[in-house]
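In: with the sequence up front, the predicted model follows.
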Amino acid sequence: MYTLDQFKTLAGLQHCAFQNAVKKGLKTITIGRRKYVRGSDFLAFLDKQAEAQEAATAL
């Protein structure tokens, strides 16, 4: 589990890229006033994006 700042740093994402990922389905968890990203949710998001890209290029 990573805080948003930790996650953005480790993933190499700027704020806008992170927001776009959330809009595309990256799950975040809110505990109190803080938000977190689970590593497993990020991997699932990457798998989903890769499948969508493969489907788009297969057409």
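Out: Looks like it came in fine. Model, not experiment: these values are computed from the prediction.
In: drop to CA atoms for contacts and neighbour counts, all remaining ones
Out: Will do.
In: leaving out sequence neighbours, find the closest residue to the residue nearest the centre of the chain.
Out: Centroid-nearest residue in the chain: residue 26, 3.9 Å away (criterion: CA atoms, centre = their mean). Spatially, and ignoring its direct neighbours in sequence, residue 26 is nearest to residue 45 (5.7 Å; CA to CA, 6 or more residues apart in numbering).
In: so the one you found sits in a strand?
Out: No: per DSSP: H, G, I helix; E, B strand; the rest coil, residue 45 lies outside any strand segment and is helix.
In: residue boundaries of the helices in the protein?
Out: 4-11, 15-23, 39-58 (DSSP state H).
In: for residue 32, find the nearest of those helices.
Out: helix 4-11 (13.9 Å; CA to CA).
In: just want the angle from the closest one to helix 39-58.
Out: Here helix 4-11 runs at 50 degrees with respect to helix 39-58, directions being taken by axes from the mean of the first three to the mean of the last three CA atoms, to 10 degrees.
In: send the alpha carbons of helix 4-11 over as CSV?
Out: Below are the C-alpha coordinates for helix 4-11, written out as CSV (Å, rounded to 0.1, in the frame of the first residue of the first chain):
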residue,chain,number,x,y,z
LEU,A,4,-0.4,8.9,-3.4
ASP,A,5,2.9,10.8,-3.3
GLN,A,6,4.9,7.6,-2.8
PHE,A,7,3.0,5.9,-5.6
LYS,A,8,3.5,8.7,-8.1
THR,A,9,7.2,8.8,-7.3
LEU,A,10,7.7,5.1,-7.7
ALA,A,11,5.5,4.8,-10.8
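In: tell me the angle of that helix relative to helix 15-23?
Out: 100 degrees.
In: re the thing from before, wait, the residue nearest to the centre of the chain sits on residue 39?
Out: No: counting by CA atoms under 8 Å, residue 26 does not reach residue 39; the two are 10.7 Å apart.
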